[in-house]
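**Student:** Provided below for reference: sequence and predicted model.
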Amino acid sequence: MIPTELPQLLRPRALQPGDLVVVASLSGPLHAQYEPDLEQAVVVLERMGFRVRRAPLLEAGRHRWWSAATPAEIAKEFNALLRDPEVRAVIAHDGGQTVFGYLDLIDVEAIRADPKPILGYSDISLLHLVLYARTGLVGFHADLATPGLGGHWQAAPAARQAELEKLYSTLLTSTQPIGALPTTPSWECWRAGRAEGQLIGGVINRIALAQATPYALPLERFDGAVLFWEELGGQAAHVWSYLQVLRHAGILDRISGMVVGIPTAIDGLDSPDGSPTLREIVLDVLGERDIPVLGNVEVGHAGPNLPMPVGTRVALDAQQRTLSLLEPAVVRSR
């Protein structure tokens, strides 16, 4: 169970050149056709200066239902990585539908003893939320290995790839704040204003569902927070419903700002039949809550992802379309 007091922010140790990063199947399996993408992701990580190893469950063709293995098997491998002092970071190969199955099997004491960056989005955003709630661990809501570093990154222009490599490397190795994240023309001001607070977020369905577990974030964690979220698939009405869940839970009354990712494959948005835009859905649920909202930011399945270090302090200026990381995600030593 989560302790009643709120844990202090727990930053991992900064990575050094030559440190070992392990790519692991923390949720979904590796399909054989994506082996080249995974190999390309390893090249990207090595170009950043890290040694890279694949965890044993990350084997093409291995699967159990929709997962890489049973939840217990995934948890066993994950815990071994958390306990191994040589492993300095873990990046999920892909998302999926499995993390809910092993939330109660994670060795949180190993995390407290040796916190490490855990990178990923989608189903992995649930890990970030729960581990932040239980230990205060900074979660690295960032690109997955196979569809991200080996997929979306490779389709991006060379200049964008170089920008992302530098950004990710700096986030993992530097104890200085990054400052403003690089903007793109897709960013939109949906409601003007400024806010500063801790970043909290992930896939909106995982945010809502996590609050129904014993590992929910205490509401106090949302006081003054900048909430970021995105969604893949489903219906526009589902997004509206998840936002209503956050409203009923009291979360929307506590946050100071919102960052919304680019919607991906959501049915019922911007249709000729008069369906709402995502902006209209967000503002409808927010109602009279006068908080800044920045929309269409690369923080999810649309990719390539900008990193969102969960738990760290950020500054949002929706009208100027800026989002700045005000503090580092890692520390020099522990």
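**Tutor:** Everything's here; your move.
**Student:** pLDDT score assigned to residue 273?
**Tutor:** The confidence metric pLDDT takes the value 79 at residue 273.
**Student:** contacts only, for it.
**Tutor:** By Cβ atoms under 8 Å, 6 or more residues apart in numbering, residue 273 lies in contact with nothing. (Glycine included, C-beta is placed from N, CA and C.)
**Student:** wasn't residue 97 part of a strand?
**Tutor:** No. Under the criterion used here (DSSP: H, G, I helix; E, B strand; the rest coil), residue 97 is coil, not part of a strand.
**Student:** quick one: the residue nearest to it when sequence neighbours are not counted from residue 31, how far?
**Tutor:** Ranked by Cβ to Cβ, 6 or more residues apart in numbering and with sequence neighbours excluded, the top spatial neighbour of residue 97 is residue 66, at 5.2 Å. Applying Cβ to Cβ, to the nearest Å, the value for residue 66 to residue 31 is 12 Å.
**Student:** same thing with residue 92?
**Tutor:** As defined by Cβ to Cβ, residue 92 lies at a distance of 15 Å from residue 31.
**Student:** one more: residue 164?
**Tutor:** Using Cβ to Cβ, which is the criterion applied here, residue 164 is 24 Å from residue 31.
**Student:** more crowded one of the two?
**Tutor:** Taking other Cβ atoms under 10 Å, residue 164 and residue 31 do not tie; residue 164 has more neighbours (24 against 13).
**Student:** for that one, grab phi and psi.
**Tutor:** Torsion angles at residue 164 (phi, psi; degrees, to the nearest 10) stand at phi -70, psi -40.
**Student:** helix, strand, or coil at the closest residue to it other than its chain neighbours?
**Tutor:** Closest residue in space to residue 164, ignoring its immediate chain neighbours: residue 304 at 5.7 Å, by Cβ to Cβ, 6+ apart. Here residue 304 is recorded as coil under three-state DSSP.
**Student:** which ones are touching residue 304?
**Tutor:** Applying Cβ under 8 Å, 6+ apart, we find residue 304 in contact with 143, 148, 152-153, 156, 160, 164, 298.
**Student:** before we move on, what about residue 306?
**Tutor:** Contacts of residue 306 by Cβ under 8 Å, 6+ apart are 167, 181-182, 297-299.
**Student:** repeat the analysis, applying 10 Å as the threshold.
**Tutor:** Contacts for residue 306 were tallied using Cβ atoms under 10 Å, 6 or more residues apart in numbering; they are 141-143, 164, 167-168, 181-184, 228, 259, 261, 297-300, 323, 325.
**Student:** please pick the buried ones from these.
**Tutor:** 141-143, 164, 167-168, 181, 228, 259, 261, 297-300, 323, 325 (16 or more other Cβ atoms under 10 Å).
**Student:** ok, and the closest non-adjacent residue to the residue nearest to the spatial centre of the chain?
**Tutor:** Residue closest to the average C-alpha location in the chain (Cα atoms, centre = their mean): residue 141, at 2.2 Å. The shortest distance from residue 141 to any non-neighbouring residue, by Cβ to Cβ, 6+ apart, is to residue 308 (4.1 Å).
**Student:** does the one you found touch residue 129 like I think?
**Tutor:** No. Counting by Cβ atoms under 10 Å, residue 308 sits too far from residue 129 to count as a contact (11.9 Å).
**Student:** so what sits against both of the two?
**Tutor:** 139, 141, 200-202.
**Student:** which parts of stretch 288-307 are buried?
**Tutor:** Under 16+ other Cβ under 10 Å, the buried positions of stretch 288-307 are 291-307.
**Student:** among those, which lie within strands?
**Tutor:** 293-297 (DSSP state E).
**Student:** show me where pLDDT drops low in the stretch 1-150 of the chain?
**Tutor:** Low-confidence segments of the stretch 1-150 of the chain (pLDDT under 70): 1-5.
**Student:** what segments of the stretch 151-300 of the chain are strands?
**Tutor:** Here the stretch 151-300 of the chain has its strands, by DSSP state E, counting those that start in this stretch, at 179-180, 188-191, 194-203, 226-230, 257-261, 293-297.
**Student:** for the longest one, packing partners?
**Tutor:** The one in question is strand 194-203. helix 124-135, strand 139-141, helix 204-210, strand 226-230, strand 257-261, strand 308-310, strand 313-317, strand 322-325 (3 or more Cβ pairs under 10 Å, 6 or more residues apart in numbering; DSSP states H and E).
**Student:** kindly recompute the last result at 7 Å.
**Tutor:** Using 3 or more Cβ pairs under 7 Å, 6 or more residues apart in numbering; DSSP states H and E, the elements in contact with strand 194-203 are helix 124-135, strand 226-230, strand 308-310, strand 313-317.
**Student:** dump the ones you listed into CSV; add distance to residue 35 as well.
**Tutor:** Compiled in CSV, these are given as follows (distance: least, Cβ to Cβ, whole Å):
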stretch, distance to residue 35
helix 124-135, 20
strand 226-230, 27
strand 308-310, 28
strand 313-317, 36
